[in-house]
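> Take this sequence and fold it.
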Amino acid sequence: MAEPINPDLRSQAAFSASEAKNGAAPAKGAAVIEAYVKTLPGSPGVYRMINADGKVLYVGKAKNLRKRVANYTNPARQSVRIHRMIAETTAMEFVTTHTEAEALLLESNLIKRYAPRYNILLRDDKSFPTILVTADHEFPQVLKHRGAKKRAGNYFGPFASVWAVNETLAVLQRAFLLRSCTDTVFAARTRPCLLYQIKRCSGPCVGRISEAPAKDHAECKNVKPKHEEGIGHKPKGAKNAPAVTNPYVPGKELPKKLGAAK
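Numbers count the residues shown, from 1 in each chain. Sure thing, here's the model as predicted:
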């Protein structure tokens, strides 16, 4: 879990802001950055460079915060763009993470939130993939997604690794037999595809499974991140009600499929 570090660093940022309000020229550039380096840990994390107006200039990640930020204390070795960014910096903020992968994802989220002037990549919201389980079709589709989240459904991610997304999709297909084909292909199929043959799809496009009631489909589609309800959940107030099961997986095979998903 990401954590803010060193309250003294926050006080330094507040001091720079107070100087600006009082009309005094706030400290800028490499000297400010060098003061932060002295108190930084050598752990993974994310840093933000901030100008005199309080705007985020740049968001970066680091495997070792102290070493990474120390690189900015020598502007002569940097490009013209980075040199200008250093010159505008009056304060910095830091967040430590447990791993470099956590720092990568946090960096991506912060760049999308602040859209810093000096960050060229990751601002278009297309760099990291997510997994989408659609909610706009009778039979949910599971797929890898990039870009704006305009389609109705549940989004899981972002993932730092495309390999991790592909592996997760394969597990979901084996466990729940959700289709991966587009709506156009779904509507045009007359025979089961290869995924049906290798038991990674239930073949809803050709009627190989019976049409479940709408509420059962909703239960299948409403699987959410950090969900409180899932397979085997009993509605509140229904002590004797049977547990809701996945209509895509035969009852006897469900425990085995869930074990594979884990």
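
> what's the pLDDT at residue 125?
On pLDDT, residue 125 comes in at 50.

> oh, I was asking about residue 186
90.

> Then residue 258?
Each residue has a pLDDT score; the one for residue 258 is 50.

> do residue 219 as well
50.

> Same check on the one 10 residues further on?
At residue 229, the model reports a pLDDT of 38.

> roughly how far apart are residue 110 and residue 174?
Here the criterion is CB to CB, to the nearest Å. By it, residue 110 lies 35 Å from residue 174. From N, CA and C alone the C-beta is placed, and that goes for glycine too.

> Kindly report the same for residue 42.
Counting by CB to CB, the gap from residue 42 to residue 174 is 41 Å.

> Residue 161 too?
For residue 161, the distance to residue 174 - CB to CB - is 20 Å.

> what does residue 164 give?
16 Å.

> Who has more neighbours out of residue 42 and residue 174?
Remark: of residue 42 and residue 174, residue 174 carries more neighbours, 15 against 12, as counted by other CB atoms under 10 Å.

> State the three-state secondary structure for that one.
Each residue gets one of three states, and residue 174 gets helix by DSSP: H, G, I helix; E, B strand; the rest coil.

> was I right about it contacting residue 199?
Yes. The criterion here is CB atoms under 8 Å, and residue 174 meets it with residue 199 at 7.2 Å.

> Name the residues contacting each of the two.
Any residue near both residue 174 and residue 199 by CB atoms under 8 Å, 6 or more residues apart in numbering counts here, and not one turns up.

> following the worst-scoring helix or strand of the chain on mean pLDDT, which helix or strand shows up next?
Least confident helix or strand, the chain: helix 7-21 with a mean of 41, by mean pLDDT, DSSP states H and E. Using DSSP states H and E, the helix or strand that follows helix 7-21 in sequence is helix 30-37.

> Enumerate the positions of that following helix that are buried.
Neighbour-count burial for helix 30-37 flags 30, 32, 33, 36, 37 (criterion: 16 or more other CB atoms under 10 Å).

> helices and strands around that helix, which ones?
For helix 30-37, the elements it packs on are helix 7-21, helix 65-70, strand 91-96, judged by 3 or more CB pairs under 8 Å, 6 or more residues apart in numbering; DSSP states H and E.
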